[in-house]
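Enquirer: My questions are about this predicted structure, shown below with the sequence.
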Amino acid sequence: MPRPRLRLDMLGYLLRRLVYVVPVAIGVSLICFLLVHIAPGDPLVAVMPIDATAEQEAEMRAAYGFDKPLPVQFGIWLGNAVTGDLGRSIATGRDVATEVTRAVGNTLLLAAAASVIGFPLGLMLGFLAGYLNNTVWDRGITAVAIGGVSTPNYWLGMVLVIIFSVSLGWLPSMGAGPGGSGEWTWDWAHIRHLVLPAVTLAVVPMGIVMRTTRALVADILDQDFVQALEAKGMTRLGILRHVARNAAPTALSVIGLQLGYLLGGSILIETVFNWPGSGYLLSVAILQRDLPTLQGTILVLAMFFVALNLIVDLLQSLIDPRISRA
Amino acid sequence: MSALVDIRDLTVRFGGGGRSVHAVNGVSLSVEKGEVLALLGESGSGKSVTLKSILQLLPPKRTKIGGSIRFDGRDVLALKGRALSDFRGGEVSMIFQDPALALDPVYTVGAQIAETVMRHESITREAAMSRALEMLQKVRIPSPERRLKNYPHEMSGGMRQRAMIALALSCNPKLLLADEPTTALDATVQMQVLLLLRNLQREMGMSVIFVTHDIGVAVEIADRVAVMYAGTIVETGTIAEIMKDPRHPYTRGLLAANLHGAVKGARLDAIPGAPPTLEEPPSFCPFAPRCPQARPECRAALPPVVEPGPGRRVACVLEAAPA
């Protein structure tokens, strides 16, 4: 198997892509800032006592900087964000950066666990189904995948809780560890808490990766070069290696997108399982109109998304030489 | 001298889902060692299918093959598994119509050639790579060291076909199957590739079955021609015999419809009508509906195969009982 070489044009491509990240990051922060401010509801209502005077309210408004014009607010917020300061939570008064770091860490952990379960399974089943295109095996695997994609995962989460926590009592259903401390450690007591939410979260990405891989593999097997590989005497295994390498760039980009979904789309799962992650933090912040927390969390998640896309693009160009030229 | 390839009564039927197509209906032909045979015919005449059945490249589930194909005395239709993949690319290799589609886009050309060599010979990767370089030199690709590291999309069409030829010849096959290898190329490049193939064939002493719809291409490369129509061979002979003295009305039609040597302004004589769909195997001469010289008996039974000279065969009633 020839190793892809890092070539000079790829280095240029890498630098170009890194430069592109800057405007994307600024755009993303602007959008998430605006979205939060356009949304109805006054952040102060939630924290001000009902009998507060207009003066007290104005004082509070000034303390959080809400009295300044929006562009100025954005400038200040962005300036602070660059230095790692995301402000203080209106609801709890805690440092947003610390809160977000812990919550995103927990979400990453959950996403990683779901990835370890979902992606290899999706890839393997998809490859198998694509290879055995239009057989009973293919139809069976496809049915499972469609079932997985179509099942609402919060519902599945609750069903799993009923079976494995309530009836069988095998696994815990709430929090990221005993006592609900939210501090993660690598021991069985904590890993037990990870199992149900990770499995629940893995089902949809697994189905999507499986279906994409199946279509990819079936399509590649239909291409002329596969017949040419047969004609030059390649064994079945050798041909499958070629197919895998051809399928890899597209499969990777789907996995990247799904990873993004795992990071940002786990709100429901985190709520169902009381998982102290970013989704949970977001849902609480939304209910309390806690603007700094909301902005900070969205920004950090969005940056993860941008970084993820960058990594996927670079990996793709490493596998498929045609991409770095385009 | 015994033939290197001997095909007897080959029939190929594609089926599945109620409809079936009888693509090849009783093809018999042989190729001597060192001989170039052109399989000439229009689209759908079964020439590519005949070629691909030699390597069992047709989808096994939907294909029913009858008759026999012997290579060097061995029954190649009976080959399976490891023996089959040893045979493919080792003793018989193939080049395709569009090299842009026949080469794997995400492997370098060098890696694809080396992989073939390593598959058929116990040889180190370095040795296989130097063989690849040697092959690229042999097909006269300029700056071969650099081209070795190129991906197919970084080469021109003619260059890609040269690389494909280098790949196909890398294990010194006794027989090369060429499936319209110049059709996708520019006219000038087409000529260069044909000359290259002819030179390599002489140099390496291999046999070639060359499928083409272009009689001008057949003239350049072939020693002998087999003209196919509707999955049958209607006429066989040396290239000179076919050009000077075509016996079958279909061959005459093909020659008349040929652009090479056509006079400007003169009307091109196309063959009227279209080939049959072959949902049923032909029960009478398949060319009869389009034949200007058709007689009642043409539609009654399959035409007899007449041998007007040594190595010459014509499947036509006119040959048996001239008018």
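Expert: That came in fine, so what should we check first?

Enquirer: pLDDT on stretch B:209-218, on average?
Expert: Mean pLDDT, stretch B:209-218: 91.

Enquirer: Same check on stretch A:125-137?
Expert: The pLDDT scores in stretch A:125-137 average 90.

Enquirer: Next one: residue 78, what pLDDT does it get?
Expert: No chain specified, so I'll use chain A. Reported pLDDT for A:Leu78: 85.

Enquirer: I was thinking of chain B, sorry if that wasn't clear
Expert: The model's pLDDT for B:Ala78 equals 91.

Enquirer: what's the burial count for it?
Expert: Using other CB atoms under 10 Å in any protein chain shown, B:Ala78 has 11 neighbouring residues. Yep, even glycine has a C-beta here, placed from its N, CA and C like the rest.

Enquirer: tell me the pLDDT at residue 181?
Expert: Unless you meant another one, I'm taking chain A. Confidence score, pLDDT, at A:Ser181: 57.

Enquirer: ah, I was thinking of chain B
Expert: pLDDT, B:Pro181: 91.

Enquirer: what's the longest helix in the chain?
Expert: With no chain named, the answer covers chain A. Ranked by residue count, the top helix of chain A under DSSP state H comes out as helix A:96-131.

Enquirer: look at chain B instead
Expert: helix B:187-204.

Enquirer: Buried by neighbour count: which residues of that one qualify?
Expert: B:Val189, B:Gln190, B:Gln192, B:Val193, B:Leu194, B:Leu196, B:Leu197, B:Arg198, B:Leu200, B:Gln201 (16 or more other CB atoms under 10 Å in any protein chain shown).

Enquirer: residues near the nearest residue to the fifth one once chain neighbours are set aside, how many?
Expert: It stands for B:Leu194. The shortest distance from B:Leu194 to any non-neighbouring residue, by CB to CB, 6 or more residues apart in numbering or on different chains, is to B:Glu220 (4.8 Å). B:Glu220 is flanked by 19 other residues according to other CB under 10 Å.

Enquirer: Equivalent analysis for A:Val195, please.
Expert: A:Val195 has 16 nearby residues by other CB under 10 Å.

Enquirer: one step back: skip ahead from the longest helix of chain B and say which helix or strand is next.
Expert: Counting by DSSP states H and E, the next helix or strand C-terminal to helix B:187-204 is strand B:207-212.

Enquirer: Dump that next one to PDB, restricted to CA.
Expert: Output in PDB follows, covering the C-alpha atoms of strand B:207-212 (Å, rounded to 0.1, in the frame of the first residue of the first chain):
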ATOM      1  CA  SER B 207      -0.800 -12.500 -29.300                       C
ATOM      2  CA  VAL B 208      -3.400  -9.700 -29.300                       C
ATOM      3  CA  ILE B 209      -7.200  -9.700 -29.700                       C
ATOM      4  CA  PHE B 210      -8.100  -6.200 -30.600                       C
ATOM      5  CA  VAL B 211     -11.700  -5.200 -30.500                       C
ATOM      6  CA  THR B 212     -12.700  -2.200 -32.600                       C
END
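
Enquirer: strands paired with that strand, and their directions?
Expert: strand B:36-40 (parallel), strand B:175-179 (parallel) (DSSP bridges).

Enquirer: continuing past it, what's the next helix or strand?
Expert: Next along from strand B:207-212, by DSSP H and E: helix B:215-221.

Enquirer: For the closest residue to chain B within chain A, which residues are in contact?
Expert: In chain A, the residue that lies nearest chain B is A:Gly233 (3.2 Å; CB to the nearest CB). By CB atoms under 8 Å, 6 or more residues apart in numbering or on different chains, the residues touching A:Gly233 are B:Ser85, B:Asp86, B:Phe87, B:Arg88, B:Gly89, B:Gly90, B:Thr116, B:Arg119, B:His120.

Enquirer: Convert the helix or strand bottoming out on mean pLDDT in chain A to PDB, retaining C-alpha atoms only.
Expert: In chain A, no helix or strand scores lower on mean pLDDT, DSSP states H and E than helix A:54-64, which sits at a mean of 78. Backbone C-alpha positions of helix A:54-64 (Å, rounded to 0.1, in the frame of the first residue of the first chain) are rendered in PDB as follows:
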ATOM      1  CA  ALA A  54     -35.600  51.700  37.300                       C
ATOM      2  CA  GLU A  55     -32.300  53.000  38.600                       C
ATOM      3  CA  GLN A  56     -31.300  49.600  40.000                       C
ATOM      4  CA  GLU A  57     -32.100  48.100  36.700                       C
ATOM      5  CA  ALA A  58     -30.100  50.700  34.700                       C
ATOM      6  CA  GLU A  59     -27.200  50.100  37.100                       C
ATOM      7  CA  MET A  60     -27.400  46.300  36.500                       C
ATOM      8  CA  ARG A  61     -27.700  46.900  32.700                       C
ATOM      9  CA  ALA A  62     -24.600  49.000  32.800                       C
ATOM     10  CA  ALA A  63     -22.700  46.500  34.900                       C
ATOM     11  CA  TYR A  64     -23.200  43.800  32.200                       C
END
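
Enquirer: and the angle from the helix or strand just after it to helix A:96-131?
Expert: Following helix A:54-64 in sequence order, the next helix or strand is helix A:70-82 (DSSP H and E). Helix A:70-82 and helix A:96-131 are oriented at 80 degrees to each other (axes from the mean of the first three to the mean of the last three CA atoms, to 10 degrees).

Enquirer: Mind jotting down where the strands sit in the stretch 101-250 of chain B?
Expert: Ranges of strands in the stretch 101-250 of chain B, per DSSP state E, counting those that start in this stretch, are B:175-179, B:207-212, B:224-229, B:232-238.
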